[in-house]
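Trainee: structure for this input, please:
(chains A and B)
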Amino acid sequence: MLLGLLLAACQPAPPSSISPTATDRVSASATRSAAASAYPLSLTDDVGRTVSLASEPRRIVSLAPSNTEIVCALDACDELVGVTDFDAYPAQVTDIPKVVVQAVPDVEKIVAAMPDLVLAAGNHQTPQGVLDQFDQLKIPYLILYPDSLEGIYADIELVGRALGATEQATSLGAEMRTDAQAIEDRVANAARPSVFYEVSVYQGVIYGAGRDSFLASMIELAGGKPVVGDATGVIQLEDLVAADPDLILLGDAAYDPSVTAMSVAARSGWGQMTAVTQQAVKPMPDDLIITRPGPRIIGGLKALAKAIHPESFGG
Amino acid sequence: MRTAAAPAIRVGIGGPSLTRAALVLGVGALLLAIVLVAAVALGSVGVSLDDTARILGRRLLGLPLAQTWSPSAETIIFDLRLPRVLTAMLVGAGLGSAGTVFQAVLRNPMADPYLIGTAAGASLGAITGILAPMLLPTLAIGAGTAWLGIGLVQVLAFSGGLLTVMLVYSVARRGGTVHVVTLLLTGYAVSSILAAGVAMLMFLSGRALGAVFAWLMGSLAGASWTSLAFATPLVLLSFVLLMARWRRLNLLLLGDGAAAHLGVDVEREKLVLTGLATLATSAVVAISGTIGFVGLVVPHVLRLAIGPDHRLLLPSSVLFGASLLALADLGARLAGGIPVGIVTALIGAPFFLWLLRRARTPLMP
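Mentor: Model prediction:
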């Protein structure tokens, strides 16, 4: 993380144009850095565990779509031997055996894939019982749990070091930082509206950005003032009405076509909020890349900034 | 006591014939063996029956077999499936025998091993163990290096179950006697208090809710040789000591007064039997979470089939409880890792209903 901050401080001035996603521009011909001398390698993952790798991993299992995207962005897609049933990007990963089905990791299938590195997900997404089994079976694993853009850059660096692809990781991280900075610059001088990002509303329980969450920091970077719930993202309707956001973004509309500006206005208690009366309720079809902490996150940041400040993007 | 006890049993229940006992236990043991082989051979990854047998022969019996299988197959059979199947069997056996004893002591057809506080106490302990590392980061660092594979969750679940039953028992005791109804109601009240604590912790658990929920539903996914080594001696000890008291269990079925007339120290027996059954229950709950239904239904079904004599009923409940849960867990694994409690309820309950309809006599004597 410290390394990431230092690198960020050394960035050159942002270019005038912003590419849709940084990954598109990573040179596919870039060779894996010949860093055979780097192994055995000692790494520290996102929960502070020290992990040693005896040699360069050739068989990688990813237990989260964001981890898969990081591996593929480092040109190591063909080394993946297990992914989740939720993985669909890049398209080639759909052919890889699914070792996580309906969010449940199948340890038998993971063992059968004979991984020499597992990229697990933090924050209980990969259950502790499964991690305990990895420990007992001596399967090396890194827990990736980025909680900010800097955290994503750091995870890309971490996976890059683990896979012996430090050069790709460094250039990808640099590009992402440049692009993120360009977006932040565009919205820097605009007024900051308060923004409620709706993750889901189910049985009257409203989920938005959690306090100090990654999503809240994204809204901040995109030039908004996030309206946040508690640490888990739950916000009471009373608190939401009191916060009276200028803008409501519907992340859940990306998956549920019944969630629209009209259906929101019809919800009991929602109709009088400024965002609703001013018709500032917008569906967010790009929710997936806004909330998935992987290499496409800059595209998500741009989508968010465009939704909050369409005037800054010529819209 | 022996002279008084024997005629009472003959009159009240009818003595078991040796051949019938041998038949029941033989069938139980055979079923258990078949389930063991099937459950180890089947899973989400295909390993041939031949390789399965060879891996087991080499690792368990030390046979000098050439390794024709992949190392991952050996890991799957020996380090994942075998401990899981054996854990399912141990949990089923513990719940079956504990359920039998609780139904006899409490003389209540709704009695299961969790009734007087084990489940609530173990749940509160386990959830505290799941959430504590998040609140106290120093514990989180040690989370991966559990002592002998037994983590905070297991230790707190085990002691939570034991302590709760001790508390319930001492609260229910009045003037040296424990009335069964008072014990049941005390267990219900104390469980309600602890359940409120569980609900509060679930509400506060945030992203860990999934882990908490998985524990409450009961799962054998975390089974390992070390957790098996923790619970096996406790369940075995409980079973051996319970078996030694089969006559007194039979006499308790006649009612406290009759049992006392026949020379049983009723209060002491109730305490000892409750303690032993709770020991087994807490040990298995600690390694599997609260798996419902097995401890309630296995004793009932067997009582319908073979009668209430504990000399045969207790060992049968161990054998058939073990088979039932191992089979249910196999179904849960093949269905994509769903919680085993869903399988036990979904398949076990209709079968139980069918038996109830078919039974000509009421379930409890």
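Trainee: output the below-cut-off pLDDT ranges for chain A.
Mentor: A:1-37, A:315 (pLDDT under 70).
Trainee: buried ones in stretch B:219-232?
Mentor: Buried residues in stretch B:219-232, counted by 16 or more other Cβ atoms under 10 Å in any protein chain shown: B:219-224, B:226-228, B:230-232. To be clear about C-beta, it is placed using only N, CA and C from the backbone, and glycine gets the same treatment.
Trainee: out of those, which comes closest to B:Tyr169?
Mentor: For the buried residues of stretch B:219-232, the closest approach to B:Tyr169 (Cβ to Cβ) belongs to B:Ala231, at 22.4 Å.
Trainee: give me the element that closest one is part of.
Mentor: Secondary structure assignment for B:Ala231, by DSSP states H and E: helix B:225-243.
Trainee: ok, residues contacting that helix?
Mentor: Contact with helix B:225-243 is made by A:136, B:79, B:83, B:86-87, B:90-91, B:93-94, B:97-98, B:101, B:148-150, B:154, B:249, B:273, B:276-277, B:279-280, B:282-284, B:286-287, B:314-315, B:318, as judged by Cβ atoms under 8 Å, 6 or more residues apart in numbering or on different chains.
Trainee: can I have the buried ones of those residues as a PyMOL selection?
Mentor: In PyMOL, a selection of the buried entries from those looks like this (16+ other Cβ under 10 Å):
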select buried, (chain A and resi 136) or (chain B and resi 79+83+86+87+90+91+93+94+97+98+101+149+150+154+249+273+276+277+279+280+282+283+284+286+287+314+315+318)
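Trainee: picking up where we left off before, any idea of the mean pLDDT in the helix or strand just after the helix holding B:Ala231?
Mentor: Counting by DSSP H and E, the next helix or strand C-terminal to helix B:225-243 is helix B:246-252. Per-region confidence: helix B:246-252 scores 92 on mean pLDDT.
Trainee: with respect to pLDDT, which of the buried residues of stretch B:219-232 ranks lowest?
Mentor: B:Gly222 (78).
Trainee: that one touches A:Phe134, doesn't it?
Mentor: No: the pair B:Gly222 / A:Phe134 is not scored as a contact, 11.8 Å apart, by Cβ atoms under 8 Å.
Trainee: so how far is chain A from the closest residue to B:Phe352 other than its chain neighbours?
Mentor: Of all residues not flanking B:Phe352 in the chain, B:Val297 sits nearest, at 5.0 Å (Cβ to Cβ, 6 or more residues apart in numbering or on different chains). Distance check for B:Val297 against chain A: by Cβ to the nearest Cβ, to the nearest Å, it reads 27 Å.
Trainee: dump the residue contacts of B:Val297.
Mentor: By Cβ under 8 Å, 6+ apart, B:Val297 lies in contact with B:348-349, B:352.
Trainee: helix/strand/coil for the residue of the stretch 1-150 of chain B found nearest chain A?
Mentor: Nearest residue of the stretch 1-150 of chain B to chain A (Cβ to the nearest Cβ) works out as B:Val45 at 4.3 Å. With DSSP: H, G, I helix; E, B strand; the rest coil as the basis, B:Val45 sits in coil.
Trainee: quick one: it and A:Ala113 touch, right?
Mentor: No: at 9.3 Å, B:Val45 does not count as touching A:Ala113 under the criterion of Cβ under 8 Å.
Trainee: B:His310 against B:Leu249, yeah?
Mentor: Yes: using Cβ under 8 Å, B:His310 is in contact with B:Leu249, at 4.2 Å.
Trainee: residues shared between the contacts of these two?
Mentor: With contacts defined as Cβ under 8 Å, 6+ apart, the residues adjacent to both B:His310 and B:Leu249 are B:Ala104.
Trainee: and the residue nearest to B:Phe352, what helix or strand is that in?
Mentor: Using DSSP H and E, B:Val297 sits within helix B:294-306.
Trainee: quick one, phi psi at B:Gln154?
Mentor: As for B:Gln154, its main-chain torsions (degrees, to the nearest 10) stand at phi -60, psi -40.
Trainee: ranges for the helices of the stretch 251-365 of chain B?
Mentor: Here the stretch 251-365 of chain B has its helices, by DSSP state H, counting those that start in this stretch, at B:256-261, B:266-288, B:294-306, B:310-334, B:340-358.
Trainee: helix, strand or coil for the residue of the stretch 201-350 of chain B at minimum distance from chain A?
Mentor: Of all residues in the stretch 201-350 of chain B, B:Gly222 sits closest to chain A, at 3.5 Å by Cβ to the nearest Cβ. For B:Gly222, the assignment made with three-state DSSP gives coil.
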